[in-house]
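In: What follows is a predicted structure for the sequence shown.
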Amino acid sequence: MIMRVSSRFVLIVSVTFICMFMLFSCDGKSDKSDKVVIVATDATWPPMEMVDSSKNIVGFDIDYMSAVAKEAGFKVQFKNTAWDGIFGGLDLGKYDAVISSVTITDERKKTFDFSDPYINAGQVLVVQNAIMVKSLQGLKGKTVGAQMGTTGAIEIKKVEGVELKSYDEIGLAFEDMAAGRIFGVVCDTPVAADYALQRKEYKEKFKIVGDPFTNETYGIVVKKGNKDLLAMLNKGIKAVKEKGIDKELEKRWLR
């Protein structure tokens, strides 16, 4: 018995085979833009990484990583992770990378691989808006505050004629400066940006002077030996820098 095949059935089968051919014909290669990289961050360090009023993870690092992903052709998914377990989670494969204001150090490089540095978050000087200086050296004869035992305190001690006032907590130094009891505060760039630019009580009073004067570079952390991901990250970082995207993000979050 001869069975008749309708033209409609033939059309459906033909379209199905064409779609399958288009899906699998590209030499078996998947589109890199479909790759999702899961990135951990401890969103408690404004303005680098924090949670906003809508419970979204935001900040300089988040925008920077998103830009890197766009330039390198992959998608990124962020995972808020407590600092005390963030590197252990990376080692266990719970995520692919960490971006969380992580300073590149020789000790950390023994255990993990780092991307190229993406920002120098070294020490900067914060002063009241009315103070017209260009550097720490311009405050000779004045008192400048820093948190006890930090790089900032060490740098103040190096400048002859500038008196150091140490604090147990950096917020106390900013309170003293707001009250006119000291003339400047030296601290990490992210801390300076948080107090001088983000906090309502200070952002109309303080300014950051010049560029960082110490080298304390941050990098994106990956599991040791993950060369493919490292290459993608470095490709994205290079493009972000070449296009000036990094400077735009610094203006938004850190200046």
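Out: Here it is on my side, so go on.

In: rest of the way, CA atoms for contacts and neighbours
Out: Will do.

In: Contacts only, for residue 152.
Out: Going by C-alpha atoms under 8 Å, 6 or more residues apart in numbering, residue 152 touches 123, 146, 186, 187, 188.

In: can you do 10 Å?
Out: 122-125, 144-146, 164, 166, 185-188, 214 (C-alpha atoms under 10 Å, 6 or more residues apart in numbering).

In: in the stretch 1-150 of the chain, which spans are helices?
Out: In the stretch 1-150 of the chain, the segments counted as helices under DSSP state H, counting those that start in this stretch are 7-24, 60-72, 86-91, 106-109.

In: hey, least reliable of those by pLDDT?
Out: Ranked by mean pLDDT, the helices of the stretch 1-150 of the chain end with helix 7-24 at the bottom, a mean of 43.

In: Which of the contacts of residue 152 fall within strands?
Out: 123, 124, 125, 144, 145, 146, 164, 166, 185, 186, 187, 188 (DSSP state E).

In: Who are the contact partners of the fifth one?
Out: By C-alpha under 10 Å, 6+ apart, the contact list for residue 145 reads 125-126, 152-153, 156, 163-167, 170, 172-174, 176-177, 181-187.

In: Among those residues, name the buried ones.
Out: 125-126, 152-153, 156, 163-166, 170, 173-174, 177, 182-187 (16 or more other C-alpha atoms under 10 Å).

In: follow-up on the earlier one: out of the ones in strands among the contacts of residue 152, who's nearest residue 69?
Out: Distance to residue 69, by C-alpha to C-alpha, is smallest for residue 188 among these, at 26.3 Å.

In: CA atoms only for stretch 112-124, dumped as PDB, please.
Out: Output in PDB follows, covering the C-alpha atoms of stretch 112-124 (Å, rounded to 0.1, in the frame of the first residue of the first chain):
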ATOM      1  CA  PHE A 112      46.500  31.400  42.800                       C
ATOM      2  CA  ASP A 113      47.000  33.000  39.400                       C
ATOM      3  CA  PHE A 114      46.300  36.700  38.900                       C
ATOM      4  CA  SER A 115      45.200  38.600  35.900                       C
ATOM      5  CA  ASP A 116      47.200  41.700  34.800                       C
ATOM      6  CA  PRO A 117      46.700  44.500  37.300                       C
ATOM      7  CA  TYR A 118      43.500  46.500  36.600                       C
ATOM      8  CA  ILE A 119      44.000  49.400  39.000                       C
ATOM      9  CA  ASN A 120      46.500  50.900  41.400                       C
ATOM     10  CA  ALA A 121      44.600  51.300  44.600                       C
ATOM     11  CA  GLY A 122      47.500  52.800  46.500                       C
ATOM     12  CA  GLN A 123      47.600  55.600  49.100                       C
ATOM     13  CA  VAL A 124      46.100  58.900  48.400                       C
END
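
In: Run through who's touching stretch 200-211.
Out: 120-136, 174-175, 177-178, 184-186, 189, 192-198, 254-255.

In: for that stretch, what is the average pLDDT?
Out: Here the average pLDDT along stretch 200-211 is 93.

In: ditto for stretch 129-137
Out: 95.

In: That one: which residues count as buried?
Out: For stretch 129-137, the neighbour count (16+ other C-alpha under 10 Å) marks residue 136 as buried.

In: So which residues make contact with that stretch?
Out: 124-127, 138-139, 142, 144, 155-156, 158-162, 183-186, 203-211, 213.

In: make it 7 Å
Out: Outside stretch 129-137, the residues that touch it by C-alpha atoms under 7 Å, 6 or more residues apart in numbering are 125, 159, 205, 206, 207, 209, 210.

In: hang on, the fifth one in a strand?
Out: Yes. For residue 207, which was evaluated using DSSP: H, G, I helix; E, B strand; the rest coil, the result is membership in a strand.

In: Pull the number of nearby residues for it.
Out: 22 (other C-alpha atoms under 10 Å).
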